[in-house]
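# have a look; sequence and predicted model below, questions after that.
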Amino acid sequence: MANELKYGDAVSLENGFSNWTGGFLDITAGAQPGAYYAVQTASTAERSGLSGTWKIASASGKADGTTVTSGDLVHLVSQYGNTSYLDVNGGPGAGSTGEKYSVHTSATPNRVGASGEWFLFAETSSPQDGAIRAGDVVHILSNYNNTNGGWLDISGGGAAGGNGLHTAFTSYYSNRQSGSGAWRFAQA
């Protein structure tokens, strides 16, 4: 079928905050100790080359080229510079209510436990066959601490010096505020 996401695909992730104005998941300098890059959203998927491009890799052994389905466990691998993986790292900042963990990238797929593993849950798709397609609304849950790492979310301003829109973190809630926990993939 057309537009199905496959393992190995390079994608961008757009945030649904305030009618899809939350920006694109992006990496930048300024990570905390033990992390590789800070994670934020930016106004474009190409703020700085491949800073907003991610590869979908299976965290459960599915081969590249296999269709990504709702409920799959993945690693999101930044394609900018040296390889790094989307990761929960440390407590929340002094930002919005509902924040659980900071989000950065790590040089390894799982810096600690399952800190770099994420479940993808689509709201729906057409046809309704379980496949996730470009443009589907997806919520992304961290597998850290036995699936208790929180939902990928955004809040406040971008990372310090990162020319971003919002900082990424995880939340206790899948839709904390006006679509802030909703994401959609696009082929990069």
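Arrived safely, thanks for sending.

# give me the pLDDT for the residue nearest to residue 44 when sequence neighbours are not counted.
With sequence-adjacent residues excluded and distances taken as Cβ to Cβ, 6 or more residues apart in numbering, residue 44 is closest to residue 24, at 6.4 Å. In this view, the C-beta of every residue, glycine as well, is placed from N, C-alpha and C. pLDDT recorded at residue 24 is 97.

# check the one 3 residues further on too.
Residue 27 is assigned a pLDDT of 95 by the prediction.

# what's around residue 91, how many residues?
10 (other Cβ atoms under 10 Å).

# helix/strand/coil for it?
Following DSSP: H, G, I helix; E, B strand; the rest coil, the label given to residue 91 is coil.

# list the contacts for it?
101, 102 (Cβ atoms under 8 Å, 6 or more residues apart in numbering).

# which strand of this protein spans the most residues?
The longest strand of the chain (DSSP state E) is strand 99-106.

# from the chain's centre, how far out does the helix or strand that it is followed by sit?
Following strand 99-106 in sequence order, the next helix or strand is strand 118-122 (DSSP states H and E). The chain centroid and the centroid of strand 118-122 are separated by 10 Å, computed with Cα atoms, centre = their mean, to the nearest Å.

# so which elements touch strand 118-122?
The contact analysis (3 or more Cβ pairs under 8 Å, 6 or more residues apart in numbering; DSSP states H and E) places strand 118-122 against strand 73-78, strand 137-142.

# residues contacting residue 186?
11, 12, 13, 14, 45, 134, 135.

# please read the previous query as pertaining to residue 104.
31, 32, 35, 36, 37, 38, 39, 87, 89, 90.

# let me know the secondary structure of the third one.
Right, the one you point to is residue 35. Residue 35 - assigned by three-state DSSP - is coil.

# and for it, the neighbour number?
Neighbour tally, residue 35, other Cβ under 10 Å: 21.

# shouldn't it be in contact with residue 88?
No: look at residue 35 against residue 88 with Cβ atoms under 8 Å: they stay out of range, at 10.0 Å.

# show me where pLDDT drops low in this structure?
1, 92-96, 159-161 (pLDDT under 70).
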